[in-house]
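Student: got a structure for you, letters missing:
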Ligand SMILES: Nc1ncnc2c1ncn2[C@@H]1O[C@H](COP(=O)(O)OP(=O)(O)OP(=O)(O)O)[C@@H](O)[C@H]1O
Ligand SMILES: [Mg+2]
């Protein structure tokens, strides 16, 4: 829905007015030209070299080409913000009603409606500006960076350093590692086992292989296809494009184009990544529909009743229009943006950065948190525990082969290692002075979470004609590729009994919380063809390395704290089920029956949904299965958060209602997530959940108070249409009253919140809102009818114009006073007391309403609004009505809480069916 704040993303955001931007065919043509040149010519054309640009020149180029971003300058963002404000359905409704009023000649009303539109849009634009600033600041705290090679001066040595993505320029040399976003359109200079996910550009979910052409070779353009169509360019193996991410392997590349001159830049309007609809989007849609529905029923009804009783009159028509305007919550978008921005700022105090502001609501609504294991439940300080041969004896040779696998895979150029296990291995090898640089790297077949193993091929000095493949990975997955076993007295064939025994060794260590990786090797005759995963066969198992990762001390408390807030924690890990079970127990999670990836592969979504409901730990699952479980849980009505930090977590991060990652996560995880934890601590998630609920509770209060008051007013107007020979309030007065009320209620975004409201997940529930309005709105009507009786008594039953003015003013004043009282009586769970009162800004807002009510009739504005000073007796009578209203609404609210408490006890089933609605 257009009134919801737009999601802010770290990827360059699409700009709506892209007329002056390079056109796609031009961009494609230029890229095709670069694709067809030998590498050296590309570098020459860009005035660059393998040693990188000089810093000064990079700055000059930055000034010439602009930042590597697609989001437009502030001015155009302002234009789009205004458009966004104008196209929200409530302002749209007002514009139509204003137009009709003007066409009917009711210029006063048209002017007031115009003022409402202006104020609402102005506040909305200002709020969105602030909102963007908050989002920008928050995002700057977790800004995506890329590794470039540059030189301080022309003869200084090249150095690698991290720069923010937007500082890249054409000609820069960048290095790519798994998890990195491709920062611009680039041509590969070198690559090792590189695979990238281009789904943003092609919609193709599977990663595609990319490969540099051999040095100095003239690229074979036929490999790209003769056509210059989109896919031909995108499929070029030696070009990578902004918007894609590295899923495996490493590379070095030269930047060809940045910002809007990139392929993604030229196509962004059509191909900007779309996220699935989240709990917030669904909630906003439901409430908007309910509100517009209410207006479409009530306003014509008021008109029809009026016309039926008094005949079709012009006054009746525009009275109906005013009622419609009165029911339009035109300030709701402003209120929601304000509340979300406040929540996001508050979350920072708990070291939680909200990248997309609606995520703060989704955190409060979350009732299941699925989490990866390493780094969230554990400390992410993985250490090597043992290195053993197949018979369980410590063996330094096993450590050497495993560390060589990590070292070669990590590539001399790349700074980022594959993952925490490789990092631990290299650190340990270094500590034990095990050499890892005495071989020549031939090939890397990178680790991926689906194969669960990774291999390298190396050539050792003194062994001409022979390559050595070294594979390491999960025990089951490496054993699959082995046919032999290393024994102290030589290699022997691997029997079924050995497989069983070795599998048991893995299980034994796993039960103790040690993750074993199997290590296997094989000699291969040297060959010109490249090696691939198919060559991982006929290996000899030489032993295992074991890793231990201590559980986080705060994990148990955090899981308890989330459970107390009604958030179930589920663990989704690629690790061994017994390791997962051990870590979970240490973190205070009862693992119950663990479900494996293989178990769910053949199941339907419905069966997985059923299983997921009963399961706490899923082990040995691959990235797509993680995402599938998240999607299925969402489809059963749960609001799902996903917390993860690896390349393998990014699909699930995107598919969740709220994706959460940690600051040290790989770039793609940070890009995919909505929330970044600055301290990778589950406890801060619990705090952020509370902030989310605080935020939402205030939005809910605003909706409940405004809509029930407005609905009560509509009922009063209906009654008045039948009972009175004249209109109970003039249309202009209705509009002014509505404007004052809506504005003075905005500070509710900053109100205090009752602790009990923070205990359960909370989200928009239009059915509950409707029940609330139907229950409490009529109390307002009751007070109004009493006021009508008193006013009629004072003014006489057939009052002339002067007495009618007293009636109108009387009701105007009564309305504002009761509405101010409603704010205090309905805002909390309990009735107001010195210990439980509204926050200062809310007090200020309601004081303003009371002041307007008590000053306006005696001010110079009274005459243009057809109001008049009220007699003292009238004022006294209204005070009595106010007291009566307070008593009634207090009683009605207590009764509502009793009835609702009984019908909506937060059972899990209840939460689900509520969300499904
Ligand atoms: N660098 C590596 N080299 C070889 N095998 C690995 C490597 N990293 C992980 N594995 C194996 O692959 C399995 C799955 O790892 P992956 O990183 O995909 O799991 P994950 O879901 O991220 O796990 P976690 O919950 O521990 O974060 C591991 O249990 C391990 O057996
Ligand atoms: Mg992980």
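Tutor: Looks like it arrived, so ask away. Keep in mind the model is a prediction, meaning the values are calculated, not measured. Ligands and ions are numbered 1, 2, ... in the order given.

Student: Contacts only, for residue 659.
Tutor: The neighbours of residue 659, taking CB atoms under 8 Å, 6 or more residues apart in numbering as the test, are 641, 642, 652, 653, 672, 673, 674, 675. To be clear about C-beta, it is placed using only N, CA and C from the backbone, and glycine gets the same treatment.

Student: if you set the cut-off to 10 Å instead, what comes out?
Tutor: 275, 278, 355-356, 359, 362, 630, 640-644, 649-650, 652-653, 669-676 (CB atoms under 10 Å, 6 or more residues apart in numbering).

Student: which SS class is it?
Tutor: strand (DSSP: H, G, I helix; E, B strand; the rest coil).

Student: For the residue nearest to it when sequence neighbours are not counted, give me the pLDDT.
Tutor: Closest residue in space to residue 659, ignoring its immediate chain neighbours: residue 653 at 3.4 Å, by CB to CB, 6 or more residues apart in numbering. pLDDT recorded at residue 653 is 90.

Student: Could you do the one 5 residues further on as well?
Tutor: In the prediction, the pLDDT value recorded for residue 658 is 94.

Student: do residue 415 as well
Tutor: Confidence score, pLDDT, at residue 415: 35.

Student: could we number from 309 for the rest of this?
Tutor: New numbering, starting at 309: the last item is residue 723.

Student: Below-threshold pLDDT in the stretch 659-808 of the chain: ranges please.
Tutor: Residue ranges of the stretch 659-808 of the chain with pLDDT under 70: 719-726.

Student: For it, just list every one of the helices.
Tutor: Using DSSP state H, counting those that start in this stretch, the helices assigned to the stretch 659-808 of the chain run over residues 666-673, 704-718, 728-739, 783-787, 804-819.

Student: out of the ones you listed, deepest packed?
Tutor: helix 666-673 (a mean of 30; mean count of other CB atoms under 10 Å).

Student: and that one, what does it pack onto?
Tutor: helix 587-618, helix 640-656, strand 660-662, strand 948-951, strand 966-970, strand 983-985, helix 990-1031 (3 or more CB pairs under 10 Å, 6 or more residues apart in numbering; DSSP states H and E).

Student: Among the ones you listed, which comes closest to residue 696?
Tutor: strand 966-970 (32.0 Å; CB to CB).

Student: now the angle from that closest one to helix 587-618?
Tutor: For strand 966-970 against helix 587-618, the angle by axes from the mean of the first three to the mean of the last three CA atoms, to 10 degrees is 150 degrees.

Student: Strand partners (parallel or antiparallel) of strand 966-970?
Tutor: strand 948-951 (parallel), strand 983-985 (parallel) (DSSP bridges).

Student: ok, residues contacting the last one?
Tutor: Contacts of strand 983-985 with the rest of the structure, by CB under 10 Å, 6+ apart, involve 318, 446-447, 449-450, 652, 655, 658-664, 667-668, 670-671, 684, 949, 951, 953, 961, 966-973, 977-978, 991-993, 996, 1000.

Student: again, 7 Å this time
Tutor: 450, 659-663, 667, 671, 966, 968-971, 978, 992-993, 996 (CB atoms under 7 Å, 6 or more residues apart in numbering).

Student: do stretch 398-407 as well
Tutor: Taking CB under 7 Å, 6+ apart as the rule, stretch 398-407 contacts 311, 393, 418, 421-422, 424-425, 428-429, 629, 632-633, 636-638, 640.

Student: For that stretch, list every residue counted as buried.
Tutor: 398, 399, 400, 401, 402, 405, 406 (16 or more other CB atoms under 10 Å).

Student: What mean pLDDT does that stretch get?
Tutor: 81.

Student: what's the spacing between the residue of the chain found nearest ligand 2 and residue 688?
Tutor: As assessed by CB to the ion, ligand 2 sits closest to residue 954 within the chain, at 3.9 Å. Distance, residue 954 to residue 688, by CB to CB, to the nearest Å: 11 Å.

Student: Show me which of the two is the more surrounded one.
Tutor: Between residue 954 and residue 688, counted using other CB atoms under 10 Å, the more crowded position is residue 954 (23 against 18).

Student: In this structure the more buried one contacts residue 976, no?
Tutor: No - using CB atoms under 7 Å as the test, residue 954 is too far from residue 976 to be in contact (9.0 Å).

Student: does any bit of the helix or strand the residue nearest to residue 967 falls within sit next to ligand 1?
Tutor: Assigned by DSSP states H and E, residue 961 belongs to helix 958-963. No - on the criterion CB under 6 Å from any ligand atom, helix 958-963 is out of touch with ligand 1, staying 9.8 Å away.

Student: so how far is stretch 455-470 off the chain centroid?
Tutor: 36 Å (CA atoms, centre = their mean, to the nearest Å).

Student: Wait, a strand at residue 879?
Tutor: Yes - applying three-state DSSP, one finds residue 879 inside a strand.

Student: Just want to check the distance between residue 742 and residue 631.
Tutor: Distance from residue 742 to residue 631, by CB to CB: 81 Å.

Student: Between those two, which has more neighbouring residues?
Tutor: residue 631 (26 against 20).

Student: Name the residues that touch whichever helix or strand that one is part of?
Tutor: According to DSSP H and E, residue 631 maps onto helix 622-635. Outside helix 622-635, the residues that touch it by CB under 7 Å, 6+ apart are 402, 405, 408-409, 412, 414, 417, 421, 602-603, 606-608, 610-611, 614-615, 618, 1018, 1021-1022, 1025, 1035, 1039, 1042-1043, 1046.

Student: quick one: it to helix 587-618, angle?
Tutor: 160 degrees.
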